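Asker: could you work out the structure for the sequence below:
(one chain, ligands or ions: 1)
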Amino acid sequence: MSNFRFARRLAMDEESYDFPPFRPPSEANSLLLRVTRGCPWNRCAFCPMYKHIKFEKRPVQAVKQDIDTAKAFTGGNAETVFIADSDSLVIKTEETCEILGYLHGAFPSLTKVTSYARALTLRRKSIESLRKIRSAGLTRLHIGLETGSSQLLRRIKKGAGPNTMIRGCIKAGEAGFEVSLYVLLGIGGESGWQEHALETAKVLNKIDPDFIRVRTLTPQPGTPVFQWWNEGSFQMPGPETMLKEQKALIEGLTGTSRYLSDHVSNYAPINGDLPADKAKMLSVIDTTLEKLSKDEAFKADLEGMRYLRNL
Ligand code: SF4
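Answerer: Model (predicted):
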């Protein structure tokens, strides 16, 4: 059952189910399970996601009730579950394992259970704790790297520098998780795209995650980045810069990740397995850049489509 139909049935039956507001695009068909509410950090300068939600750890019993409700509606037939909100591994390891055990008991056919996680939280957890959570059935972690530049990470108040990103993500990989990292194209602005691309490639090469997923910065009202943009202290890169930045990033990558452009904010569909598809991916960027340099209408279309998709 799709999440939309599931939510509608819950609303129609007036059941109580805590439905999370965000999930990665790749979890569109996953059952959504809210273990915490909001973000315990909630300070990233580009992020509007949980600004109006006070961070809370949900009682384990309430999460189990949601699992029971979901089972009643789906008949226990789900293959993938996404655990929300932004950093649910901050709860006690024993509680995470208890929830995962209950979840797998209710849905025996589960093949994938994923969650957002902050690199700082992963760095702080012991490897034994992470292995316990992995053994209890959490399989993949979605982690926001955004950039590998220490200067930019500080400016956007990510709350973790490159070393924390590297240590947290490597530890997650050693514990057996699939590691999926998000990169925020454009966060260096017009002046900082080279540093952003090169430093991000360096950090990604040290981690060598299973997935690299890119999305393009869209300044959101109410965030510091939006304010910097309005004041003129941040210049939003245009499509040429975004593509040049992405080209430099891909050229700098030496690992074996799957690179995905699976977000509506992006200008071009650049996808592939590294290193095998690197030349093909770069050639898509070169072709798009060449067209942009010659065709004003194409440029306007590209910007217009991104704007519309974001609406
Ligand atoms: S980007 Fe992630 S860690 Fe940063 S405030 Fe948003 S939800 Fe929290």
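
Asker: find the nearest non-adjacent residue to residue 252, please.
Answerer: Nearest residue to residue 252, sequence neighbours excluded (Cβ to Cβ, 6 or more residues apart in numbering): residue 201, at 2.9 Å. No exception for glycine: its C-beta is placed from N, CA and C like everyone else's.

Asker: helix/strand/coil for that neighbour?
Answerer: Following DSSP: H, G, I helix; E, B strand; the rest coil, we place residue 201 in the helix state.

Asker: residues in contact with it?
Answerer: Contacts for residue 201 (Cβ atoms under 8 Å, 6 or more residues apart in numbering) come out as 148, 248, 249, 251, 252, 253.

Asker: the same query, at a cut-off of 7 Å, please.
Answerer: Residue 201 makes contact with 249, 252, 253 under the criterion Cβ atoms under 7 Å, 6 or more residues apart in numbering.

Asker: ok, residue 268 next?
Answerer: 243, 284, 285, 288.

Asker: in which helix or strand would I find the residue in the stretch 101-250 of the chain positioned nearest to the ligand?
Answerer: Going by Cβ to the nearest ligand atom, the ligand is nearest to residue 144 of the stretch 101-250 of the chain, at 5.0 Å. Residue 144 is located in strand 140-146, with elements delineated by DSSP states H and E.

Asker: related to what we said a few turns ago, as JSON lines, the contacts of residue 268 with distance to the ligand would be great.
Answerer: Output for these, formatted as JSON lines (distance: Cβ to the nearest ligand atom, whole Å):
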{"residue": "243", "distance to the ligand": "24"}
{"residue": "284", "distance to the ligand": "28"}
{"residue": "285", "distance to the ligand": "26"}
{"residue": "288", "distance to the ligand": "28"}
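
Asker: what's the most distant pair in those?
Answerer: 243 and 284 (9.5 Å; Cβ to Cβ).

Asker: tell me where the stretch 201-311 of the chain has helices.
Answerer: With DSSP state H, counting those that start in this stretch as the criterion, the stretch 201-311 of the chain has helices at 224-231, 239-252, 278-294, 296-310.

Asker: which one of these has the lowest average pLDDT?
Answerer: Among these, helix 296-310 has the lowest mean pLDDT, at a mean of 71.

Asker: rewinding a little: quick one: is whichever helix or strand comes after the strand holding residue 144 near the ligand?
Answerer: Heading C-terminal from strand 140-146, the first helix or strand you meet, by DSSP H and E, is helix 150-155. No: Helix 150-155 is not in contact with the ligand by Cβ under 6 Å from any ligand atom; minimum separation 11.1 Å.

Asker: quick check: buried residues in the helix or strand following helix 150-155?
Answerer: Reading on from helix 150-155 to the C-terminus, the next helix or strand found by DSSP H and E is helix 162-174. The neighbour-count check on helix 162-174 (16 or more other Cβ atoms under 10 Å) flags 162, 164, 165, 166, 167, 168, 169, 170, 171, 172, 173 as buried.

Asker: and what of stretch 194-210?
Answerer: For stretch 194-210, using 16+ other Cβ under 10 Å, the buried residues are 195-204, 206-210.

Asker: before we move on, what about stretch 261-270?
Answerer: Going by 16+ other Cβ under 10 Å, stretch 261-270 has these buried residues: 261, 263, 265, 266, 267, 268, 270.

Asker: pLDDT-wise, what's the bottom of these?
Answerer: residue 265 (80).

Asker: hang on, that residue packs against residue 213?
Answerer: No: with contact defined as Cβ atoms under 7 Å, residue 265 does not count as touching residue 213 (11.3 Å).

Asker: and the residue of the stretch 51-200 of the chain that's closest to the ligand?
Answerer: Closest point on the stretch 51-200 of the chain to the ligand, by Cβ to the nearest ligand atom, is residue 86, at 3.7 Å.

Asker: that residue: what's it in contact with?
Answerer: Applying Cβ under 7 Å, 6+ apart, the residues near residue 86 are 39, 49, 50, 116.

Asker: residue 118 now?
Answerer: By Cβ under 7 Å, 6+ apart, residue 118 lies in contact with 41, 87, 160.

Asker: so the last one makes contact with residue 121?
Answerer: Translated: residue 160. No: applying Cβ under 7 Å, one finds residue 160 not in contact with residue 121, separated by 9.4 Å.
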